[in-house]
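Q: Give me a model of this one.
(2 chains)
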There are 2 protein chains.
Amino acid sequence: MKTYIPFSPENPKTRLDPLLDADERVEFVYACLDDVTAAVSEAGGDATVLSTEPLDGFDAVVRDEALTPAVNVVLDDETPPVAVVVADLPLVTPDALRRLYASDAGFVVAPGRGGGTNAFVARDGRFRVDYHGTSFADHAEKARELGCDVHVVDSFRLSTDVDEPQDLVEILLHGEGRAADFVRQRFELVEDDEDRVGVRRLDRQE
Amino acid sequence: MKTYIPFSPENPKTRLDPLLDADERVEFVYACLDDVTAAVSEAGGDATVLSTEPLDGFDAVVRDEALTPAVNVVLDDETPPVAVVVADLPLVTPDALRRLYASDAGFVVAPGRGGGTNAFVARDGRFRVDYHGTSFADHAEKARELGCDVHVVDSFRLSTDVDEPQDLVEILLHGEGRAADFVRQRFELVEDDEDRVGVRRLDRQE
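A: Now for the predicted structure:
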C-alpha cells in the first residue's frame, strides 16, 4: 500500500532540548525516519517520504508546507487506499504496521498518546486531514461522516511518538532499531523511590 | 482462564491528589476495578479480585500483603495457566484482553507505560512475580529462563494505567466504562498553544 511518511528536519523535537542539542535532535529524527521507512517496507508497504526539504540519504517528495496541507495534497492526488504514518515512531515494528494494513475498514487509524493521529489508512478519496493535538477523534468523526467504517488499531508501539524526555524511557525499554541505538548510546534508565522511571544522560554529571 | 485482579483501596493514586480528593480517588479505583472485572468476564475470563481488604460490592480473596507476595501466593496455589491483570486499566476492553488470552505462549505479557507489567498469563507453574517500576523486562527474562516462549501483547489500552494527572487525558479521549464516566463528570480536555493536551476540573476556577 502506498504509504507517505511526513518529515521535517528543521529544528525538530524542541521539547527534548534539555537532553539533546540541536544537531543531536536532527540525528535522532533521521534515525526514527530510518526505522519507520524500514518497517513500512518490511510490512509490505510502499514508502514515500514527504519532506519539507531535500534529505541526506533518503529519496523524498519535497513540499515546503505545514503538515496538514502537505498531506492533503497527497490525499488529493493519490488513488486510495493511501496510508500516512508519522516519522517519529521509534518503537514501530513491521508487525504493528501489518495490523494497520490488515484491516479493510474505510478508515483505519492508530492514535498517539495525547490524542494525535500517528498512522492511518484512508480508503475514501474525499478524506482530508487536520492535524492538531487531539486530531484522532476529529479524523475518526470525519471519516464516519463520509460513510466509512472506522477501525482503531490498539497498538502501544504505534501510540508512542516522542515529544517529551519521558518518552525516551519507552525507547530504552522497548526500542529495537536505529533510534533505540541512538538513545542507548546517550541515556540510561533511572528509577526513583516511588518506582517512577526516568532517563539520565550517560555523559553528563547531574 | 482464571484471572486474578490485585486491588488495594487504601489511599490509592496519591499522584492524582492535586486533582482528586481522597474519597474521589477511592471512588475512581473502584470504577476502574468494575471496568476491569467486566472486561475480563466479557472476554471469557474467570475473574477473581485479590484485595488487601474486604470490598464494597465485590467478592474478593482478601490477603493483606503487598502486591508481589500476594500474587506469588496465587501463583503458588493455582494450576496454570493463570492470568493476572492490574485493576487500574480504565481503557481496558474485552478485545484487548482477548489478545492476551489468545496467545498460547508460555508467558504472555502486556507492558505498561514506564515498563510495568500490566497483564500477563503464566503457563509455567514455577513463574513468580517481582513488581517494581520496570518489572516488564525482568518478568520476560525470568520466563525465558524457565524455558517459556514470551509473547508481548502490543496494546495501547493495556499499556495505559493511571498514575499521573496526564493519564486522565487518555481516559477522556478513549474511555468507555465507569472510570471514563467518573472522569468525564469532573474533567475536560484543554489544549495549549503548542498542541499539548491536558485536563481541567469542570468545578474549579483556575
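Q: ok, A:Pro94 to B:Lys142 distance?
A: 27 Å (CB to CB, to the nearest Å). Every residue, glycine included, has its C-beta placed from N, CA and C.
Q: what residue lies at the spatial centre of chain A?
A: Using CA atoms, centre = their mean, the residue of chain A that lies closest to the mean C-alpha position is A:Val86, 3.1 Å off.
Q: Leaving out chain neighbours, which residue sits closest to that residue?
A: A:Asn118 (5.2 Å; CB to CB, 6 or more residues apart in numbering or on different chains).
Q: Now do the buried residues in the helix ranked longest in chain A.
A: Identified as the longest helix of chain A according to DSSP state H is helix A:22-42. For helix A:22-42, a neighbour-count test (16 or more other CB atoms under 10 Å in any protein chain shown) marks A:25-26, A:28-37, A:39-40 as buried.
Q: can you list the residues that contact stretch A:96-110?
A: Applying CB atoms under 8 Å, 6 or more residues apart in numbering or on different chains, the contact partners of stretch A:96-110 are A:1, A:39-40, A:43-45, A:83, A:85, A:117-124, A:127, A:136, A:139-140, A:143-144, A:146-153, A:155, A:157-159, B:154.
Q: What's the end-to-end length of it?
A: One end of stretch A:96-110 to the other measures 10 Å (CA to CA, to the nearest Å).
Q: Stretch A:106-124 now?
A: Across stretch A:106-124, first to last residue, CA to CA, it's 6 Å.
Q: do stretch A:139-150 as well
A: 10 Å.
Q: quick one: average pLDDT of that stretch?
A: For stretch A:139-150, the mean pLDDT works out to 98.
Q: can you list contacts of it?
A: Residues contacting stretch A:139-150 (CB under 8 Å, 6+ apart): A:105-109, A:117, A:120, A:122-124, A:126-130, A:152.
Q: ditto for stretch A:20-30
A: Contacts of stretch A:20-30 (CB under 8 Å, 6+ apart): A:7, A:9, A:11-14, A:16-17, A:55-57, A:87-88, A:162, A:179, A:182-183, A:186.
Q: what helix or strand does the nearest residue to A:Ala179 once chain neighbours are set aside sit in?
A: The shortest distance from A:Ala179 to any non-neighbouring residue, by CB to CB, 6+ apart, is to A:Pro90 (3.6 Å). Using DSSP states H and E, A:Pro90 maps to neither a helix nor a strand.
Q: Same question for the one 10 residues further on.
A: With secondary structure defined by DSSP H and E, A:Leu100 is part of helix A:94-102.
Q: Report the angle between that helix and helix A:22-42.
A: 60 degrees (axes from the mean of the first three to the mean of the last three CA atoms, to 10 degrees).
Q: Before we go further, A:Asp88 is sitting in a helix, right?
A: No. According to DSSP: H, G, I helix; E, B strand; the rest coil, A:Asp88 belongs to no helix; its state is coil.
Q: Could you check how far it is from A:Tyr4?
A: Where A:Tyr4 is concerned, A:Asp88 sits at a distance of 14 Å (CB to CB).
Q: before we move on, the earlier item: from the buried residues of helix A:22-42, which is closest to chain B?
A: Among the buried residues of helix A:22-42, A:Ala39 lies closest to chain B (CB to the nearest CB), at 12.8 Å.
Q: A:Gly175: what's it in contact with?
A: Contacts of A:Gly175 (CB under 8 Å, 6+ apart): A:90-91, A:183-184.
Q: Show me which of those residues are buried.
A: Buried, going by 16+ other CB under 10 Å: A:90-91, A:183, out of the contacts of A:Gly175.
Q: returning to what we had before: please say which of A:Pro94 and B:Lys142 ends up with more neighbours.
A: B:Lys142 (20 against 15; other CB atoms under 10 Å in any protein chain shown).
Q: follow-up on the earlier one: send over the longest helix of chain A as CSV, restricted to the C-alpha atoms.
A: Only the C-alpha atoms of helix A:22-42 are listed here, as CSV (Å, rounded to 0.1, in the frame of the first residue of the first chain):
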residue,chain,number,x,y,z
ALA,A,22,20.2,20.8,18.1
ASP,A,23,22.4,18.5,16.0
GLU,A,24,21.5,15.5,18.1
ARG,A,25,17.8,16.2,17.7
VAL,A,26,18.2,16.2,13.9
GLU,A,27,20.3,13.0,14.1
PHE,A,28,17.5,11.5,16.2
VAL,A,29,14.7,12.3,13.9
TYR,A,30,16.6,10.9,10.9
ALA,A,31,17.2,7.7,12.9
CYS,A,32,13.4,7.5,13.6
LEU,A,33,12.7,8.1,9.9
ASP,A,34,15.0,5.2,9.0
ASP,A,35,13.2,2.9,11.4
VAL,A,36,9.8,3.9,10.1
THR,A,37,10.7,3.6,6.4
ALA,A,38,12.3,0.2,7.0
ALA,A,39,9.3,-1.1,9.0
VAL,A,40,6.9,0.1,6.3
SER,A,41,8.8,-1.7,3.6
GLU,A,42,9.2,-4.9,5.7
